[in-house]
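Asker: The following block contains a protein sequence and its predicted model.
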Amino acid sequence: MPNFERVTVPTDGNHITIKNDKLKIPDNPIIPFIRGDGIGIDIWPATQKVLDAAVEKAYDGKKKIAWMKIYAGDEAVEQYGEGVYLPDDTLNAIKEFIVAIKGPLTTPVGGGHRSLNVSLRQLLNLYACIRPVKWFKGVPSPSVHPHWMDIVIFRENTEDVYSGIEWEQGSEEVAKVIDFINNTMGKNIRLDSGVGIKPISITGTKQLVRKALKYAIAEGRKSVTFMHKGNIMKFTEGAFKDWGYELVVQEFRDHVITEAELWDEAMAEDGVTPITKPGAFTELRGGKPAGDPNGRIIVKDRIADSIFQQIQTRTNEYDIICTPNLNGDYISDAAAAMVGGLGMAPGANIGDFVGLFEATHGTAPKYAGQDKVNPGSLMLSGVMMLNYLDWREAGSMVEKAIERTIETKHVTYDLHRQMEGATKLSCSGYAEAIVSNMQ
Ligand code: NAP
């Protein structure tokens, strides 16, 4: 175990370990948590209360999380000194204890500071950002059929334009880059440009797609869609799609069928002339949403702009969406908006084993310390974490209790302002209501 400078390891817990390529979870796992900046001060205690109550109830007190406080953001500066937003203790603790959870973190303003969230993902190689988006009964939504939404977004987390390789307009570096590209590669970038680089690798793509496929198989999902802009960016986004298809047929052949293969099969069976329209096979199958009659996972791809329409108009044809970093950022928030907004959208950043579960919204500083905001996003990230530990009974207990609380119209201010006849609860009051709704 590393020597921690300012972290106290609980004495009543045990390590999560890795055995035969699988996580081994003790009954009292030590789980590090980062409270988070801004509204972290409100939503973390509410979340901890709900997760502890569910574990206690689901396992009659035989399991218990030993929480271990670690620091990032403003709290880290208080503990470790000026400018230390992400101490080594924090990175070492997450590596050592494998599963961790965090509230939102402020991106420090000013030169030299990168986003703490991006740093955590890159330094820990948490290459998959996983965002389930699902509607909870009773949550106000701008969609006509919000219950059609039940997708999981697998967003690549370590490369693409997010890798932070860019040069400022007017700098010496950008002049060199432009000179090289224009004069050696025969291109024509305007001399007064800033330049960013968009690397997308076989390694980054395949590790993400492999994780998405394993998840799809484990969770009995029906389809995986590669969302890309390969019609324009052929060697990055287009390659992402090609490498994705290559991997699924190489490594998951028995579990998958590509959409093109399914058309061929359907057309051969139905004796109709080929139709080359994406999604046409669903019409051949009696208009039912994506589903292979033989139970295989359908792998398909869609251009990024079209999928923004499709998730609204043909929501139930999408199940798992696998995509490079920037597309993933956009589609996650757009999908979350369709089911009631970011206050309810959970997320996780996962590598080969290490998992960091997090609220997807920011620190909402104007509400910090007011015991007001919706802790739903962090609580549902906690549900993902419980499922990752395979403590599914506890996870499902939290999810159902949240649903019951919303259905009875006991909600925080954000949902209250959109619901008629609802009772407005504080953040902590909402947590209490959820605990009392656990069955
Ligand atoms: P934000 O903190 O997400 O807040 C924007 C608005 O979203 C809030 O004013 C509020 O809307 C609503 N909101 C956010 N969380 C909510 C919750 N739990 N319950 C109810 N409503 C909620 O975005 P921001 O103001 O752009 O960013 C503030 C800071 O957070 C920045 O420093 C940013 O870098 C950081 N950030 C961190 C993360 C992360 O740690 N993962 C993610 C995004 C941003 P209303 O005012 O309409 O009620």
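Answerer: Received it, and whenever you're ready, just let me know what you need.
Asker: Now do Asp414 against Asp150, distance only.
Answerer: Distance of Asp414 to Asp150, computed by Cβ to Cβ, to the nearest Å: 22 Å. C-beta: built from backbone N, CA, C; applies to glycine.
Asker: More neighbours: which of those two?
Answerer: Ranked by neighbour count (other Cβ atoms under 10 Å), Asp414 and Asp150 place Asp414 first, with 19 against 15.
Asker: What is the burial count for Glu82?
Answerer: Using other Cβ under 10 Å, Glu82 has 5 neighbouring residues.
Asker: SS state for it?
Answerer: For Glu82, the secondary-structure state derived from DSSP: H, G, I helix; E, B strand; the rest coil is coil.
Asker: And the pLDDT at it?
Answerer: At Glu82, the model reports a pLDDT of 91.
Asker: And for Ser143?
Answerer: 88.
Asker: What ranges does the stretch 201-350 of the chain have for its strands?
Answerer: For the stretch 201-350 of the chain, the strands defined by DSSP state E, counting those that start in this stretch occupy 223-228, 256-258, 297-303, 320-323, 346-350.
Asker: Can you check which of these gets nearest to Gly138?
Answerer: For the strands of the stretch 201-350 of the chain, the distance to Gly138 is smallest for strand 346-350, at 17.7 Å, taking Cβ to Cβ.
Asker: what's in contact with that closest one?
Answerer: Strand 346-350 is touched from outside by 120-121, 124, 126-132, 157, 211, 332, 355-360, 377-385, 388, with contacts defined as Cβ atoms under 8 Å, 6 or more residues apart in numbering.
Asker: In helices, which of those appear?
Answerer: The helices, defined by DSSP state H, take in 120-121, 211, 332, 377-385, 388 from the contacts of strand 346-350.
Asker: now that we have those residues, which one has the most neighbours?
Answerer: Neighbour tally across the ones in helices among the contacts of strand 346-350 (other Cβ under 10 Å): the maximum, 32 neighbours, falls on Leu378.
Asker: Return the distance of that one relative to Gln48.
Answerer: Distance of Leu378 to Gln48, given as Cβ to Cβ: 9 Å.
Asker: Pretty sure Met209 sits against Gly244.
Answerer: In this structure residue 209 is Val, not Met. Yes - Val209 is within contact range of Gly244, at 4.6 Å (criterion: Cβ atoms under 8 Å).
Asker: Let's see the pLDDT reported for the residue in the stretch 151-300 of the chain positioned nearest to the ligand.
Answerer: In the stretch 151-300 of the chain, no residue comes nearer to the ligand than Asn157, which is 12.2 Å away by Cβ to the nearest ligand atom. You'll see Asn157 listed with a pLDDT of 93.
Asker: Look up phi and psi at it.
Answerer: For Asn157, the backbone dihedrals (degrees, to the nearest 10) come out as phi -120, psi -10.
Asker: partners of Lys19 in the sheet?
Answerer: Note on Lys19: beta-bridge partners by DSSP bridges are Lys22.
Asker: From Ala175, how far off is it?
Answerer: Lys19 is 54 Å from Ala175, where distance means Cβ to Cβ.
Asker: The two - which one has more neighbours?
Answerer: Ala175 (13 against 7).
Asker: Sketch out the low-pLDDT regions of the stretch 1-150 of the chain for me.
Answerer: 109-113 (pLDDT under 70).
Asker: The ligand contacts on that one?
Answerer: 39, 43, 104-107, 117 (Cβ under 6 Å from any ligand atom).
Asker: For the stretch 251-400 of the chain, which residues are neighbours of the ligand?
Answerer: Checking the stretch 251-400 of the chain against the ligand by Cβ under 6 Å from any ligand atom, the hits are 342-343, 358, 361-364, 373-374, 377.
Asker: Restrict the residues you listed to the buried ones and give me that as a PyMOL selection.
Answerer: Buried subset of these, written as a PyMOL selection, criterion 16 or more other Cβ atoms under 10 Å:
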select buried, resi 342+343+358+361+362+363+364+373+374+377
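Asker: Just send the residues of the stretch 251-400 of the chain next to the ligand back as JSON lines, with pLDDT too.
Answerer: Shown next, in JSON lines, are these (pLDDT from 0 to 100):
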{"residue": "Leu342", "pLDDT": "72"}
{"residue": "Gly343", "pLDDT": "76"}
{"residue": "Glu358", "pLDDT": "95"}
{"residue": "His361", "pLDDT": "89"}
{"residue": "Gly362", "pLDDT": "91"}
{"residue": "Thr363", "pLDDT": "95"}
{"residue": "Ala364", "pLDDT": "95"}
{"residue": "Val373", "pLDDT": "96"}
{"residue": "Asn374", "pLDDT": "95"}
{"residue": "Ser377", "pLDDT": "94"}
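Asker: Put together TSV for the residues of the stretch 251-400 of the chain next to the ligand, with distance to Asn92 on each row.
Answerer: Listed next are those as TSV, based on distance: Cβ to Cβ, whole Å:
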residue	distance to Asn92
Leu342	30
Gly343	32
Glu358	19
His361	27
Gly362	26
Thr363	24
Ala364	29
Val373	31
Asn374	32
Ser377	27
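Asker: Noted, bye for now.
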